[in-house]
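Asker: Provide a 3D model corresponding to the input given below.
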Amino acid sequence: MQARWLDGGLLDNTVLESDAPISSTLRPSVSVLTLTGANITTIENNHIPSITYLDMKISKSIGKEKNMEVFANINNLLNREPNIAGSTIGRAGVGTGVNGMYDILGRRYTVGVNYSF
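Answerer: Residues are numbered from 1 along each chain as shown. Predicted structure coming up:
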């Protein structure tokens, strides 16, 4: 068994998470607050939660010289979906924050044989 844990964190350090309610007419566009004369881009939810994936491998060496291995793998054993993060361009709600660290394929199986000469 193997566990892969990805820590949660901030989506974007350059934006401010807004506590103020945003009207539905502004949600499709980037909202800008003016704070002490500076423009600060806001986002409704600037956090990405942590996630853990479990993988499992079973293998057996066989043959007189133990030069053949039969194996089976299950990646993403619990079939966890990737965390979807809101877009930093526009308001949160449309997921664009899936990157290569997350498992986007879901549970998958591999069976095979390795042979050493």
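
Asker: Could you use CA atoms for every contact and neighbour count after this?
Answerer: Will do.

Asker: Now residue 80: which helix or strand?
Answerer: Assessed by DSSP states H and E, residue 80 sits outside every helix and strand.

Asker: Look at it and report its pLDDT.
Answerer: For residue 80, the pLDDT comes out at 92.

Asker: same deal with the one 3 residues further on?
Answerer: At residue 83 the predicted local confidence, pLDDT, stands at 78.

Asker: State the number of residues packed around it.
Answerer: By other CA atoms under 10 Å, 18 other residues sit near residue 83.

Asker: how near is it to residue 76?
Answerer: Residue 83 is 14 Å from residue 76, where distance means CA to CA, to the nearest Å.

Asker: give the contact list for residue 79.
Answerer: Residue 79 makes contact with 106, 107, according to CA atoms under 8 Å, 6 or more residues apart in numbering.

Asker: and if you look at residue 55?
Answerer: So residue 55 contacts 1, 2, 3, 4, 73, 74, 75, 76, 77 (CA under 8 Å, 6+ apart).

Asker: bridging residues for the fifth one?
Answerer: Counting by DSSP bridges, residue 73 forms beta bridges with residue 57, residue 110.

Asker: I'd guessed it sits against residue 107; true?
Answerer: No. Judged on CA atoms under 8 Å, residue 73 makes no contact with residue 107 at a distance of 10.3 Å.

Asker: and residue 109, how many residues sit next to it?
Answerer: 12.

Asker: ok, and the closest non-adjacent residue to it?
Answerer: In space, and not counting its chain neighbours, residue 109 is closest to residue 74: 4.7 Å by CA to CA, 6 or more residues apart in numbering.

Asker: pLDDT score assigned to that neighbour?
Answerer: 97.

Asker: got any ranges where this structure has weak pLDDT?
Answerer: 18-42, 85-100 (pLDDT under 70).

Asker: which residues in it form strands?
Answerer: Using DSSP state E, the strands of the chain run over residues 2-6, 9-10, 16-17, 32-35, 38-43, 47-48, 51-62, 68-75, 108-115.

Asker: Tell me which strands the third one pairs with, and in which orientation.
Answerer: Based on DSSP bridges, the strands next to strand 16-17 in the sheet, each with its direction, are strand 38-43 (parallel).

Asker: could you list every residue that touches the residue nearest to residue 109?
Answerer: Per CA under 8 Å, 6+ apart, neighbours of residue 74: 55, 56, 57, 107, 108, 109, 110.
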